[in-house]
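>>> here is a sequence with its predicted model. Questions after.
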Amino acid sequence: MTFKSIYAAHIEKYIAYKRNLGFTLRDVEYVFIQFDRLVLQRDEKTIGITKSLSDAWCVKRPNESDGTRYDRVSKLSLFARYLCNMGYDSYVPEIPKFKASFIPYIFTKDEIERLLAASDHYEPTKIKQDSPSLMAPALFRVLYGTGLRIGEAIELLDKDVDTDNRYVTVRQSKNGTERIVPLSESVSEACEQYRALKRIKIKSRIPCELFFVKNNNTHCSQGAAYKAFRDTIRLAGIPHGGKGAGPRLHDLRHTFACHSLAQMIETGIDPYQAMPLLSTYLGHRTIESTEKYVRLTAEMYPGLLKDIERVCEFVFPRLRTTDYETDGLF
């Protein structure tokens, strides 16, 4: 994409800077192309976002959802702060309040057992060479047993999965930070069994360094993994609530977080200690992304967490900041 306004060079440098820090910046070019066009339409001549330009950008568009507007304004707010740090006085718009209506689906322990048992017998509805059926049992166990994001799991290299010492090295993380995640004995065994199964079952001559691969030894997309997941929950007798209602493949991560937090507290670990531990394990950049699981856990296990507001509010102090780095949710 080519930017043509007076902000063109600054937008390109900003995007490059953020990506070098490891941010994925989903759809960022599309948003800034729109901003670039607005600047051209207004015939802006001076670098530095004015309140007038900001207001024109932030006005809600016809048929625009609150979430889309929130995303647009957030991106401009961060860019304005970046410009300020670069020495260009800019108006930083206030980000509109937005409460996501999405509620993660948290599996019960019985549902998890049924899901994993069903994955051991999973066969695709159509027999294809590029089916992910061999990897499904190990993949679902890794997702639930470690809390990895699906994107992190399917990008694991074979060398990243150390079943002897029982850990995986996550290199392709959402926040661009490498981390080591321990494996339980059962998850490690599942990974080793899958590795052995690949040697026997996959006859492809195509080399692939990835750990999780389709039956033809090629990369498995998130879409293909989700299709296998939907087939498996159907076999397990777990109903799907329809589009947007779940359960989703990513809900295995949410379930891991809630079950882990509950287990830590049940064994006597103070919530003040449990929260930062879970935050590090999940690869969150801020504790705020993790504290959402406290509320979900409290809803699942009434009485386990008392004075929930106190735990969420004071586990880490709130700081006012003008930094232009933010973290995604979950």
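Okay, I see it.

>>> name the helices or strands packed onto the longest helix along the chain?
When the chain is parsed with DSSP state H, its longest helix is helix 66-85. Packed against helix 66-85 by the contact rule (3 or more Cβ pairs under 8 Å, 6 or more residues apart in numbering; DSSP states H and E) you find helix 8-20, helix 28-42, helix 51-58. C-beta: built from backbone N, CA, C; applies to glycine.

>>> got the angle for the last one vs helix 28-42?
With axes from the mean of the first three to the mean of the last three Cα atoms, to 10 degrees applied, the angle from helix 51-58 to helix 28-42 works out at 130 degrees.

>>> pretty sure Ser5 is touching Val39, no?
Yes: here Ser5 reaches Val39: they are 3.8 Å apart, a contact under Cβ atoms under 8 Å.

>>> out of the helices and strands packed on helix 66-85, which comes closest to Pro207?
Pro207 lies closest, by Cβ to Cβ, to one member of the helices and strands packed on helix 66-85: helix 8-20, at 28.6 Å.

>>> hang on, Thr177 packs against Gly283?
Yes: counting by Cβ under 8 Å, Thr177 touches Gly283, with 6.8 Å between them.

>>> so the two - more neighbours on which side?
Higher neighbour count among Thr177 and Gly283: Gly283, with 20 against 12, using other Cβ atoms under 10 Å.

>>> report pLDDT for the more buried one.
For Gly283, the pLDDT comes out at 82.

>>> repeat that for the one 5 residues further on.
In the prediction, the pLDDT value recorded for Glu288 is 62.

>>> how about the one 5 residues further on?
According to the model's per-residue confidence, Tyr293 sits at a pLDDT of 72.

>>> ok, now Ile11?
On the pLDDT scale, Ile11 gets 95.

>>> what of Pro124?
71.

>>> quick one, what contacts it?
Contact partners of Pro124, counting by Cβ atoms under 8 Å, 6 or more residues apart in numbering, are Ser131, Ser133, Ala228, Asp231.

>>> try it again with 10 Å
Asp130, Ser131, Pro132, Ser133, Ala136, Asn215, Ala224, Lys227, Ala228, Asp231 (Cβ atoms under 10 Å, 6 or more residues apart in numbering).

>>> closest one to Lys203 out of those, please.
Once Cβ to Cβ is applied, the member of these that ends up nearest Lys203 is Asn215, at 9.6 Å.

>>> neighbours of Leu115, just the number please.
23.

>>> surely it and Phe107 touch.
Yes: between Leu115 and Phe107 there is a contact at 7.0 Å, judged by Cβ atoms under 10 Å.

>>> which positions in stretch 41-54 come out as buried?
Buried residues in stretch 41-54, counted by 16 or more other Cβ atoms under 10 Å: Glu44, Ile47, Gly48, Ile49, Leu53, Ser54.

>>> these: which two are farthest apart?
Pairwise distances across these (Cβ to Cβ) peak at 14.1 Å, for the pair Ile47 and Ser54.

>>> hang on, the earlier thing: right, and the helices and strands packed on helix 66-85 - which one's nearest Ile154?
Evaluated over these, closeness to Ile154 peaks at helix 8-20, with 20.7 Å, by Cβ to Cβ.

>>> go through that closest one and flag the buried ones.
His10, Ile11, Tyr14, Ile15, Lys18.

>>> so the residue nearest to Ala224 when sequence neighbours are not counted: helix, strand or coil?
Spatial nearest neighbour of Ala224, excluding adjacent residues (Cβ to Cβ, 6 or more residues apart in numbering): Pro132 at 5.2 Å. Using DSSP: H, G, I helix; E, B strand; the rest coil, the structure places Pro132 in coil.

>>> neighbours around Pro132, how many?
Neighbour count of Pro132, defined by other Cβ under 10 Å: 24.

>>> roughly how far does it sit from Ile233?
Distance of Pro132 to Ile233, computed by Cβ to Cβ, to the nearest Å: 15 Å.
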